[in-house]
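[1] Here is my input, please return the structure:
(chains A and B)
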2 protein chains.
Amino acid sequence: MAAAAAAAGTEEVPNRRVILKRHVTGFPAEDDMEVVAGAARLAVPPGSAAVVLKNLYLSCDPYMRGRMSKHDRPSYVPDFVPGEVLAGHGVSKVVASGHPDFKVGDHVWGITGWEEYTLIPNPGSLSKINHPEMPLSYYTGALGMPGLSAYAGFYDVAKPKKGDYVFVSAAAGAVGQIVGQLAKFTGCYVVGSAGSDEKVNLLKTKFGFDEAFNYKKEQDLNAALQRYFPEGIDIYFENVGGTMLEAVLLNMRVHGRITVCGMISQYNLEQPEGVRNLLSLITKRVRMEGFLVSDYLGEYHRFEEEMVSYLKDAKIAYVEDVAEGLENAPAALIGLFAGRNVGKQLVAVTRE
Amino acid sequence: MAAAAAAAGTEEVPNRRVILKRHVTGFPAEDDMEVVAGAARLAVPPGSAAVVLKNLYLSCDPYMRGRMSKHDRPSYVPDFVPGEVLAGHGVSKVVASGHPDFKVGDHVWGITGWEEYTLIPNPGSLSKINHPEMPLSYYTGALGMPGLSAYAGFYDVAKPKKGDYVFVSAAAGAVGQIVGQLAKFTGCYVVGSAGSDEKVNLLKTKFGFDEAFNYKKEQDLNAALQRYFPEGIDIYFENVGGTMLEAVLLNMRVHGRITVCGMISQYNLEQPEGVRNLLSLITKRVRMEGFLVSDYLGEYHRFEEEMVSYLKDAKIAYVEDVAEGLENAPAALIGLFAGRNVGKQLVAVTRE
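    All right, here's what the predicted structure looks like:
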């Protein structure tokens, strides 16, 4: 009986999971989450098109902070529910499938649970990994949602031209490092900001930024930007918001573009900061435009092929910061907001 | 001798003018300007391509407030100089010309002095009025810079579609009243805000807005916008900035557009207000874009023909608020910032 149940995948296996303990206000703490024991069945309900995933890598993304709060109005992603498992992008292996497009052993990326095994009732949102010869963890970053964000936000939203002056904030992060390198391909002059000298060094030596600075060491962000952009900024790739955006607005060039990808400085504030200097939008005829990567999923496969070839040819360098084990996932996630990560932050649940 | 001098236009005539007495901080007062006596020669320097204009109508425009302050960095228009005459858009008649494109008796509009007669050394920036059968004062408004601002800002920047939900602030002003009517042509649902019940009534009865409200009577602008736009706002035509923009950001629809034409609520503040809720740019994928009408002068003649036909066919209604005489020009200008004007504010220097 035991053997038959195992063969059918109907026995239960341990399934540790990260749950939200309570809705968060202000800065999240490790204690707002908890790693708890659970159980999973490695089988799909009979007749369903579900899949069961074994989660390998989980992506820590700043936007997840928004889901940890309780909102009065629905946002573009639902709030996490206290007592329930967190969810986010991840790289997983299919261990059971009732879906014709996914077979056991396939590697996929997409939204999954922060746990060892996840049942996905509707796998339509999962993408099959077409290049399993690449480091699979890259599908949480350069080859996944952050990479596509960089690609779509830079090319489609910012519409760069050769010779443009480009500024990238949070430039050593998952998205920023890719944006800077795409900008160099385009023939732009690129400056990045980051929050430590180690990251600044990485930007200049590894990612090929023309210049970089540690914003924490600048008394006056406006003066810093004037120093690095005496002619002004054509493209600002916005990842942080707040006072950096205020300073950037004073330094935009005529017909400049601000691609709004994220505003990590604002996510833990109960009341967001007000941004002054928006009058520059008129005087400099600036276009400021937000985007969500989910609008660009139709371009994913073209992007994947292009990015794979860049990575294989070492034309794009990529740095990730890997936390080992689900028990370290809460610390890894909140570390994003203190800037503790160097490069793309992710969690290795298991190395298979 | 006197007759000969008069025939050659070399004698001097009285020329009252409005000068800036001092650079302004905060709210401008009538006393920051002064109407002084002066003299003009109704002749151009021999051999020059200059023209002498007799000014008929002067346009009072909110952007002029910026020129009354002293700026550390050059803006897109130079600061006014204390002791010197103010300048702005106006409608004038050519009374002397050394320029082949302009002959005595022509009517023109463009940048001129706030005075009775102005020597324009380089008349290249003046536009000949092709429809002198229209009320000439309209060339300070519906047929001039504000009209072209409405046209370019709405069609080219906001890129409207039939069925869009459109919100216009300062909707009874020179630009707003035209934007609302263009939006109705396009098949949009249009709501305007203004600062008095009289203006709200005008919006609904004369300009054909679907709804309008007095923002001064609303405790909570967010709640007001939710009431008028239960489905959200596709296009916001921004004329005021500050708390209205904050509230609008919470009510934008996915892929909405904010055309930033002006921010009159901010012009008299020593420190502009910070605007919160910019995260909505991301979650709703909003494009917020500023523009200057000066980038669209190449489209003026196409616009002029279209707007003349709308006005002749009474398809567009147009309301102006005329101050009589140069001595009332300072009060008319500062009245803009108290919202005293109903419709386009201008000054009639002379009715010829």
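[2] wait, what's in contact with whatever residue of the stretch 51-200 of chain A ends up closest to chain B?
    Distances between the stretch 51-200 of chain A and chain B by C-beta to the nearest C-beta are smallest at residue A:76, namely 4.7 Å. Heads up, the C-betas are built off the backbone N, CA and C, glycines and all. Neighbour list for residue A:76: A:292, B:283, B:284 [criterion: C-beta atoms under 8 Å, 6 or more residues apart in numbering or on different chains].
[3] so which of these is the most crowded?
    residue B:284 (20 neighbours; other C-beta atoms under 10 Å in any protein chain shown).
[4] from memory it sits against residue B:255, does it?
    Yes. Applying C-beta atoms under 8 Å as the test, residue B:284 and residue B:255 come out as touching, 7.4 Å apart.
[5] Tell me where the stretch 151-300 of chain A has strands.
    Using DSSP state E, counting those that start in this stretch, the strands of the stretch 151-300 of chain A run over residues A:165-168, A:189-194, A:211-214, A:233-238, A:252-260, A:287-290.
[6] which of the residues in the first one are buried?
    Pointing back at strand A:165-168 there. A:165, A:166, A:167, A:168 (16 or more other C-beta atoms under 10 Å in any protein chain shown).
[7] Return the residues in contact with the first one.
    Okay, so that is residue A:165. A:188, A:189, A:191, A:229, A:231, A:232, A:233, A:234, A:235, A:253.
[8] let's go with 7 Å and repeat that
    A:189, A:229, A:231, A:232, A:233, A:234 (C-beta atoms under 7 Å, 6 or more residues apart in numbering or on different chains).
[9] Just flag the most distant two among these.
    A:189 and A:232 (11.4 Å; C-beta to C-beta).
[10] Relative to chain B, how far out is residue A:286?
    6 Å (C-beta to the nearest C-beta, to the nearest Å).
[11] mean confidence for the longest helix belonging to chain A?
    What stands out as the longest helix in chain A, according to DSSP state H, is helix A:300-312. For helix A:300-312, mean pLDDT is 97.
[12] buried set for it?
    Applying 16+ other C-beta under 10 Å to helix A:300-312 flags A:300, A:303, A:304, A:307, A:308, A:310, A:311 as buried.
[13] Name the next helix or strand downstream of it, please.
    strand A:320-324 (DSSP states H and E).
[14] got a list of contacts for stretch A:186-196?
    A:160, A:162-172, A:176, A:180, A:183-184, A:200, A:203, A:209-216, A:228-229, A:339.
[15] Quick one: distance of it to the chain centre.
    18 Å (C-alpha atoms, centre = their mean, to the nearest Å).
[16] Could you dump the contacts of residue A:165 into CSV with neighbour count and pLDDT added?
    Putting these into CSV (neighbours: other C-beta atoms under 10 Å in any protein chain shown; pLDDT from 0 to 100) gives the following:
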residue, neighbour count, pLDDT
A:189, 19, 98
A:229, 21, 98
A:231, 9, 97
A:232, 16, 98
A:233, 25, 98
A:234, 23, 98
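[17] among the contacts of stretch A:186-196, which are in helices?
    A:176, A:180, A:183, A:184, A:200, A:203, A:228.
[18] Please parse chain A into its domains.
    If you go by automatic domain parsing, the domain ranges for chain A are A:2-141+A:319-348, A:145-294.
[19] got the phi/psi numbers for residue A:14?
    phi -60, psi 140 (degrees, to the nearest 10).
[20] Who does it form a beta bridge with?
    Residue A:14 has the following beta-bridge partners by DSSP bridges: residue A:39.
[21] Number of residues surrounding it?
    10.
[22] How about the one 10 residues further on?
    Each residue near residue A:24 was counted by other C-beta under 10 Å, and the total is 20.
[23] ok so, going back, the residue of the stretch 51-200 of chain A closest to chain B: what secondary structure?
    coil (DSSP: H, G, I helix; E, B strand; the rest coil).
[24] how close does the residue of the stretch 151-300 of chain A found nearest chain B sit to residue A:151?
    Residue of the stretch 151-300 of chain A nearest chain B, by C-beta to the nearest C-beta: residue A:274 (1.8 Å). Distance of residue A:274 to residue A:151, computed by C-beta to C-beta, to the nearest Å: 31 Å.
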